[in-house]
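*Asks:* let's see this in three dimensions:
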Amino acid sequence: TASAGSGKTATLVERYLELLRLHPEINVRQILAITFTQKAAAEMRERLDQRLAAVLAQDLPDSERACLQQVSQDLPTARISTIHAFCTGLLREYPIEADVDPAFAILEEVDAAQLRHQTVRRTLEILARTKDGDPDKEALRRVLGEWPRHYLDGILNHLLRKRRLARHWCQRYNNQSPTEIINSWRTVQKTACEPTCRALLGDSHFTAKLAELAELEPLTSLADSATKRLTPIRNPMRELSNVPKLEKALEIVPLLAKELLTAKGEALSGRGLGKKSNWEETDLVRLRQLVPEVGQSLAPHAETLALGLSPADERAAEVLSALARIFLLVDARYPRAKGAGERLELDDLLERCHQLITGDRDVQNRLARHYRFVLVDEFQDTDPLQWQIIRPLVAVDDQIAPDKLFIVGDPKQSIYSFREADVT
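*Replies:* Take a look at the predicted model:
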């Protein structure tokens, strides 16, 4: 890894030249260098040119000079580009295998947005004219019972723009009933919360504080800031303090987190909690100590404990399978609207290239043999699909060759987690 300003480009340049020095049998077209931006690619070419000029100005053995002069001459053809530019070149090189027009155009975002809008509108118009009872039309009827047409248009346009991610969950939920969807979410919630509940049940100090807190009761039936929070969870606290079975704890702990943590997931402050006229003085003092202490045990797990399902989630499950069905129809129509390989978006370049490399063993082997080394800059912002394109080029028998891949990056500079970039 390398931090900002630490000379990552210079490091890549030196590694690039070192590879050519150590392997005079290869040429610049056999080293693939992937940069994050076109500007970075141009900068790397310029740095290489400058570094070559500096080296060639030195006294060198004739054989090394001849090798570096050839590198300098061939530099304009070097494979130094962004991942999208690399994919573009590869698709044009293998148009039959990739099922694209070799002269395909790359859609600008404004044109793609208009095409997405037209595809959504056309798909919904066709569904509206479908005879009653058709499953697709019933799905549309179900969704329009939840949202107005313009809102549905917006949702489908957004999903289509993020279709690589949306397609995954839509394919999953398309054939599931609302009950099955809810049960799958509960399974996820349970799996996430189990370690937290086990740890809390095993903490004798935590359960002892719960037991003590549960027994602190007000002098009157008047409501105050303490009773509003503690009354709904008094019995659950007693149950949890007795270390129940895990299934019961999974129900109780999220309830405690809801009442004893702030909206930001922080422990409640005891200051000002409860009215003096409503409590024994010693009980109120102790209550104001215990509430933040119990909250501090829950706070580190606030995000996990907030995964509990709400009535809104149940409504979402009711409409989700219908929405998924409609989106998949829109998604299937969209490539045809783009001309079936005549016009491609940036995501299409990645998807088609991935399909080409992973779906055609001959092409994969040819590329792996051709590219002797692969260098990747800003690796922290490489998303899973991009990595799945790069990986076969540096793998032998599905294992990454230790001397073929060189990556540079800084986890602290990762800015694309929203598109699935994974620094791990």
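*Asks:* quick one, helices of the stretch 101-250 of the chain?
*Replies:* Using DSSP state H, counting those that start in this stretch, the helices of the stretch 101-250 of the chain run over residues 109-129, 135-144, 149-161, 163-173, 178-201, 204-215, 225-230, 234-241, 246-260.
*Asks:* what's the burial count for residue 386?
*Replies:* 23 (other Cβ atoms under 10 Å). Any C-beta I mention is one placed from the backbone N, CA and C, and that applies to glycine too.
*Asks:* what sits closest to it if chain neighbours are left out?
*Replies:* residue 83 (5.2 Å; Cβ to Cβ, 6 or more residues apart in numbering).
*Asks:* quick revisit: let me have the helices of the stretch 101-250 of the chain in a markdown table, extended by mean neighbour count, mean pLDDT and distance to residue 283.
*Replies:* Output for the helices of the stretch 101-250 of the chain, formatted as a markdown table (neighbours: other Cβ atoms under 10 Å; pLDDT from 0 to 100; distance: least, Cβ to Cβ, whole Å):
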| stretch | mean neighbour count | mean pLDDT | distance to residue 283 |
| --- | --- | --- | --- |
| helix 109-129 | 16 | 95 | 61 |
| helix 135-144 | 17 | 94 | 53 |
| helix 149-161 | 16 | 96 | 52 |
| helix 163-173 | 16 | 92 | 50 |
| helix 178-201 | 16 | 92 | 24 |
| helix 204-215 | 16 | 95 | 9 |
| helix 225-230 | 17 | 94 | 10 |
| helix 234-241 | 18 | 94 | 14 |
| helix 246-260 | 18 | 92 | 17 |
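*Asks:* touching, the residue nearest to residue 386 and residue 387? I think so.
*Replies:* No. In this structure, residue 83 is not within contact of residue 387 by Cβ atoms under 8 Å, at 9.8 Å.
*Asks:* neighbour count for the two, which is higher?
*Replies:* residue 83 (22 against 14).
*Asks:* who are the contact partners of the more buried one?
*Replies:* By Cβ atoms under 8 Å, 6 or more residues apart in numbering, the contact set of residue 83 is 34, 350, 382, 386, 389, 390.
*Asks:* determine which two of the residues you listed are furthest apart.
*Replies:* Spanning the widest gap among the contacts of residue 83 are 34 and 350, at 12.3 Å by Cβ to Cβ.
*Asks:* which one's more surrounded, those two?
*Replies:* residue 34 (25 against 20).
*Asks:* quickly list what that one is bridged to.
*Replies:* residue 81, residue 376 (DSSP bridges).
*Asks:* my guess is it contacts residue 376, does it?
*Replies:* Yes. Look at residue 34 against residue 376 with Cβ under 8 Å: they come within range, at 4.7 Å.
*Asks:* now do the shared contacts for those two.
*Replies:* With Cβ under 8 Å, 6+ apart as the test, residue 34 and residue 376 both reach residue 390.
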